[in-house]
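> Take this sequence and fold it.
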Amino acid sequence: MATMETGRPPLEQPEEQPPHEEAGEPVDEEQQIRQAATTFLGFLEREPGAVQGLERIIGEHLRGRPDTDTAQRLFNSLTRCAGEDNANFLLSLLMRGVDNPEFFARVGEVLGGEAWAAVRTLSALYGDAVQEAYLVGGENPNAWRTINRQVYYDVMSGRWRMTFEIIKYNGERVLYEETATTLLILADAIVDTLNHVPADIAPGMIDRSRLETFYNTCTTFFKTYAPAEGQEAEEQGHEGAGE
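Alright, predicted model coming up:
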């Protein structure tokens, strides 16, 4: 039995925005960090056991795979617990700390002590998951996220079975149990849909590496299901490349 999983390509992270400017004067990011960290420290001092509560909230919301609403639900819950400013500060720190150690260290210099130790632990536990939740939050909830496939021979029926499961960002699952022919009809319909994009626009819509991967997949398909035609197509491709 062959089991395969296809995941959606990694999401691109949004570029960090420059500090907001107001009335023509740039905001000092260092000052912003100190103000936000001081506010967060004040909250921790007023609320004994707050770190445990924050960790519990974050862990509860990030249990399992995130969907397009996970980040907003997490932010809302942290806001109810610690206030909007502290929720923004903590989540921004956990997200940026994954890929920006310099920024993370600067915040650590301001927090210090037990607060900094707690934030480092939260980052180690949930930094990647928080980042993923916010990236997923920008996706279309009806877009596919993962495709699980199985190909196996059913001894009882004496037939090959093919299952094709699509998992969407909103958590919905769609399972197809098909034959080789019906799966090919589905694939043909998908490609035909792409072919309806205007020819003058299409060339720039798909990354070239993806097109090359698809071409290689189609070549393997024809070699497998129509060996003679696949060999002929490959020979024609080599002849065209040599011209």
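
> which residues touch the longest helix anywhere in the chain?
Longest helix of the chain, by residue count under DSSP state H: helix 113-136. With contacts defined as Cβ atoms under 8 Å, 6 or more residues apart in numbering, helix 113-136 is touched by 11, 13, 40-41, 44, 51, 54-55, 58-59, 61-62, 66-68, 70-71, 74, 90-91, 93-95, 97-99, 104, 107-108, 111, 145, 169. C-beta: built from backbone N, CA, C; applies to glycine.

> let's see it at 6 Å
11, 41, 44, 51, 58, 62, 66, 70-71, 94-95, 97-98, 108 (Cβ atoms under 6 Å, 6 or more residues apart in numbering).

> Give me the buried subset of those.
41, 44, 51, 58, 62, 66, 70-71, 94-95, 97-98, 108 (16 or more other Cβ atoms under 10 Å).

> Nearest to Thr3, out of those: which one, please.
Taking Cβ to Cβ as the measure, Pro66 is the one of the buried ones among the contacts of helix 113-136 closest to Thr3, at 23.8 Å.

> on that earlier part again, using pLDDT, spot the least trustworthy of the contacts of helix 113-136.
For the contacts of helix 113-136, the weakest pLDDT value sits at Leu11, with 46.

> circling back: may I see the contacts of helix 113-136 organised as JSON lines, with distance to Ala115 and secondary structure added?
Below are the contacts of helix 113-136 laid out as JSON lines (distance: Cβ to Cβ, whole Å; DSSP: H, G, I helix; E, B strand; the rest coil):
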{"residue": "Leu11", "distance to Ala115": "31", "secondary structure": "coil"}
{"residue": "Leu41", "distance to Ala115": "6", "secondary structure": "helix"}
{"residue": "Leu44", "distance to Ala115": "6", "secondary structure": "helix"}
{"residue": "Val51", "distance to Ala115": "8", "secondary structure": "helix"}
{"residue": "Ile58", "distance to Ala115": "16", "secondary structure": "helix"}
{"residue": "Leu62", "distance to Ala115": "21", "secondary structure": "coil"}
{"residue": "Pro66", "distance to Ala115": "26", "secondary structure": "coil"}
{"residue": "Thr70", "distance to Ala115": "26", "secondary structure": "helix"}
{"residue": "Ala71", "distance to Ala115": "24", "secondary structure": "helix"}
{"residue": "Leu94", "distance to Ala115": "14", "secondary structure": "helix"}
{"residue": "Met95", "distance to Ala115": "18", "secondary structure": "helix"}
{"residue": "Gly97", "distance to Ala115": "14", "secondary structure": "helix"}
{"residue": "Val98", "distance to Ala115": "19", "secondary structure": "helix"}
{"residue": "Gly108", "distance to Ala115": "9", "secondary structure": "helix"}
